[in-house]
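Novice: Next comes the sequence, and after it the predicted model I'd like to discuss.
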Amino acid sequence: MISSIKKISFTLAMTLLCGTYVSSAQAEPVSIGAVIPLSGASATIGADQLRGIEIATEEVNAKGGVLGQPLKVIVEDSGGRPPSALDAARKLVTVNNVPLVIGEYSSGNTLPIGQYLVQQKRIHLNPASTSGLLRDLGEGHFSLVGLDHVTTKFAADDIMAQGWRKAVIIAPNNAFGQGVIEQFTKHFKAAGGQVLASIAYPEGQTTYRRELQQLAQAKPDVFVYSAYSREGAVINREASELGLNETPWYGYLLSMSTADSDPKTKQGQYGLEVNYIGPNGGAYQDAYKKKYGEDFRTTWNGYTYDAVKIAAAAINKAGSTDPAAIGAALKELGKGYEGATGQITFDANRMRDSQPYLKMKVDNGKLVLR
Amino acid sequence: MVQFFSDVLIRTVDLALIAVGLSCVYSLIRFPNIALVQYAVAGSFLALLLQGAGLPLPVAGLLACLLVGGLAVLLNVTVFERLLASGSAIAMVGSLAVTMILSAVFLVVFGPDSRRFDLDSHPVIRVLDARLTVHQLTAVGLTAGAVIVLALLLFRTTLGRSMRATATNRVLAAATGIDARLITNTVVFLSGVLAALGGIGLALKGEMNIQLGMDVLLPVFAAAILGGLGNALGAVAGAVIIATAETLVTNVNLGPLVGEPLLFLPASYATAMSFLILVAALLVRPHGLFVNEVKRV
């Protein structure tokens, strides 16, 4: 009796052991990390970035994963603030030991996590931020989107073409916003325009009435603005309350600035947007529509999609999860990678060197090409 | 010019009710309760939650005010009364601690994001060259109404007389048969209601987030001290002065002084202005601008 119990328990124990062993050998996924704003002023965009990650991960795993294993993207919420973004990156490196991290959205958060990741000798893929300071982050940092000196030049020319000569500009008081103000002012002056006043607004306030009233006193031809979507909603609402929307508004990164705004307060705004779909992006666009049952919510999901795809390709090319090997593979791939957002090529500083833009306007709450 | 006055009016409304609540309760419990600014946050978020639960906004707002009044009494009985036994400075530090605890509670319960009441879009009304929204005017009306009701309560009712008697001389008031503890808690309740109403007014005009209370802490204190802590209606005058100063600092073009077309101080300097006025008031007229029947600590 006792011996049979022993036998049964021995068999059971062996089965359990084997079972555990087998399953762990089969499904040890290769992990990479992502830090995106799932809460805070840019939460709408963070949620859309997550969609790009989800579609890319499914596609990679449907085609056999990476290094023969499934790919897993560990997503952390940045809270839209530098301290929590940094905590998230630190967790990914120290706890999950990932070789590569994608993130964040706002330059103010991308810069600190980029510095940390480069210092930890990990690979950092920037899927959205445009501050010129990213150029100096160093080996290990790759930008998948064109930086602000290119974008502001495009905006300045576009605004001049509308016949607006006197502009005021408001943007967030962080690395991104200051870069935009400085670069835009430079390019707009060079194009023959005049920037009458510029304001770097403090993030996370419940009102920007005072800032807007100051700008209004300049009596500009056009209000140029760039704002994270929740703050953009406040700015657009208060601007229309103050009657400032009777003057043209130009949104620098229009989908970001208007994503959370009341359709009535943003009607007719002009702006520019990064091109979010390249010649080979059709399949991705279909996959997005099918999975989420709507058109692109913002323009930023394609960039996280490309980030995950290029990361997976680089790991496969490197044949290992060693960050240095992945970095070398990324440089190789970056000589001409066909992404959903268009062709991605890196310059000597590992920054995307050409970036198509779109001229857009808001019509009935939607962004349309003009 | 009309726009300037309407800006001052709107800013006054931001500050007035919380400052009045602070001043009112100070006259009886002799310490400035910092947690009052958090009662404003609690009021606006409770109203939002109740509105989300399906109540019409006026009912949700009223209920939120009463609940926050209850919370104020609860905290007074359980925390502040005991701390006050050891001195008013200790009670004030205690109220700072309560403020921080409430901040953490708000962060967990409501999250860090800004929210808005579920309201129709803002129809704009033109008054001469100024533009005001219906919701801004509603907030002005609510504030004016609350101040008038409070004034009537203080100066026209037996309860008001008892309050003022207790504030002036607690022992003597007790000797005439006034229940000082009951009166104190009534005023604490009123201060909670006023703060909550102030918070709802703030949220009505724009957005609310959990920083709303800390954002107005300094100007509210400056207004209450300027009006003479303990002098409820003086706080309204204090709020007008602070609002005027803030609006002057941010809306006046300093460009002509330095020969440039446009030069403004950053809007965040408005807070520095209330700090400056606060320091000046404490140095020059520590008992406030008006003759005060309540002695300060």
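Specialist: In hand now; what should we look at?
Novice: Please count neighbours and contacts with C-alpha atoms only from this point.
Specialist: OK.
Novice: Tell me which residue in the stretch 201-350 of chain A sits closest to chain B.
Specialist: Here the residue of the stretch 201-350 of chain A nearest chain B is A:Thr206; by C-alpha to the nearest C-alpha that distance is 5.2 Å.
Novice: what's the nearest residue to that residue if we skip its chain neighbours?
Specialist: Nearest non-adjacent residue to A:Thr206, counting by C-alpha to C-alpha, 6 or more residues apart in numbering or on different chains: B:Glu207, 5.2 Å away.
Novice: Can you list the buried residues in stretch A:52-60?
Specialist: Under the neighbour-count criterion of 16 or more other C-alpha atoms under 10 Å in any protein chain shown, stretch A:52-60 has A:Gly52, A:Ile53, A:Glu54, A:Ile55, A:Ala56, A:Thr57, A:Glu59, A:Val60 buried.
Novice: again but with stretch B:246-258, I slipped
Specialist: Per 16+ other C-alpha under 10 Å, stretch B:246-258 contains these buried residues: B:Glu246, B:Thr247, B:Leu248, B:Val249, B:Thr250, B:Asn251, B:Asn253, B:Leu254.
Novice: mind putting the residues you listed in a markdown table, secondary structure, pLDDT and distance to chain A included?
Specialist: Listed next are these as a markdown table, based on DSSP: H, G, I helix; E, B strand; the rest coil; pLDDT from 0 to 100; distance: C-alpha to the nearest C-alpha, whole Å:
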| residue | secondary structure | pLDDT | distance to chain A |
| --- | --- | --- | --- |
| B:Glu246 | helix | 91 | 10 |
| B:Thr247 | helix | 91 | 8 |
| B:Leu248 | helix | 90 | 11 |
| B:Val249 | helix | 89 | 10 |
| B:Thr250 | helix | 87 | 7 |
| B:Asn251 | helix | 85 | 6 |
| B:Asn253 | coil | 85 | 8 |
| B:Leu254 | coil | 85 | 11 |
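Novice: Put together TSV for those, with distance to B:Ala237 on each row.
Specialist: Below are the buried residues of stretch B:246-258 laid out as TSV (distance: C-alpha to C-alpha, whole Å):
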residue	distance to B:Ala237
B:Glu246	14
B:Thr247	15
B:Leu248	17
B:Val249	19
B:Thr250	20
B:Asn251	21
B:Asn253	26
B:Leu254	27
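Novice: In contact with A:Pro82, which residues?
Specialist: A:Gly108, A:Asn109, A:Pro112 (C-alpha atoms under 8 Å, 6 or more residues apart in numbering or on different chains).
Novice: which parts of chain B sit against chain A?
Specialist: B:112-114, B:122-124, B:131-133, B:206-209, B:212, B:250-251, B:262, B:264, B:266-267 (C-alpha under 8 Å from any C-alpha of the partner chain).
Novice: among the residues you listed, which ones are buried?
Specialist: Using 16+ other C-alpha under 10 Å as the threshold, B:112-114, B:122, B:124, B:131-133, B:206-209, B:212, B:250-251, B:262, B:264, B:266-267 are the buried ones among the residues of chain B next to chain A.
Novice: quick one: secondary structure of B:Val68?
Specialist: helix (DSSP: H, G, I helix; E, B strand; the rest coil).
Novice: helices and strands of the chain: which one has the lowest mean pLDDT?
Specialist: In the absence of a named chain, chain A is used. helix A:2-26 (a mean of 49; mean pLDDT, DSSP states H and E).
Novice: Can you look at chain B instead?
Specialist: When the helices and strands of chain B are scored by mean pLDDT, DSSP H and E, strand B:124-127 comes last with a mean of 81.
Novice: Report the strands that pair with it, each with its relative direction.
Specialist: strand B:130-133 (antiparallel) (DSSP bridges).
Novice: How far away from the center of its chain is the strand it pairs with?
Specialist: 23 Å (C-alpha atoms, centre = their mean, to the nearest Å).
Novice: Next secondary structure after that strand?
Specialist: helix B:134-156 (DSSP states H and E).
Novice: List the buried residues for that following helix?
Specialist: Applying 16+ other C-alpha under 10 Å to helix B:134-156 flags B:134-137, B:139-140, B:142-144, B:146-147, B:150, B:154 as buried.
Novice: was I right about B:Asp129 contacting B:Gln3?
Specialist: Yes. With contact defined as C-alpha atoms under 8 Å, B:Asp129 counts as touching B:Gln3 (6.5 Å).
Novice: who's more crowded, those two?
Specialist: B:Gln3 (16 against 9; other C-alpha atoms under 10 Å in any protein chain shown).
Novice: My guess is that one contacts B:Thr247. True?
Specialist: No. When contacts are counted by C-alpha under 8 Å, B:Gln3 is not listed as touching B:Thr247 (10.6 Å).
Novice: can you map out the helices along chain B?
Specialist: Taking DSSP state H to define them, one finds helices in chain B at B:2-29, B:36-52, B:57-75, B:81-84, B:88-110, B:134-156, B:158-168, B:170-175, B:180-205, B:212-226, B:232-251, B:255-258, B:269-284.
Novice: Lowest average pLDDT across those helices?
Specialist: Mean pLDDT is lowest for helix B:255-258 among those, at a mean of 84.
Novice: CA atoms only for it - export them in PDB, please.
Specialist: Taking C-alpha atoms only, helix B:255-258 is exported to PDB below (Å, rounded to 0.1, in the frame of the first residue of the first chain):
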ATOM      1  CA  GLY B 255       7.400  96.100 -24.000                       C
ATOM      2  CA  PRO B 256       7.200 100.000 -24.300                       C
ATOM      3  CA  LEU B 257       9.400 100.300 -21.100                       C
ATOM      4  CA  VAL B 258      12.300  98.600 -22.800                       C
END
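Novice: This completes my enquiry, with thanks.
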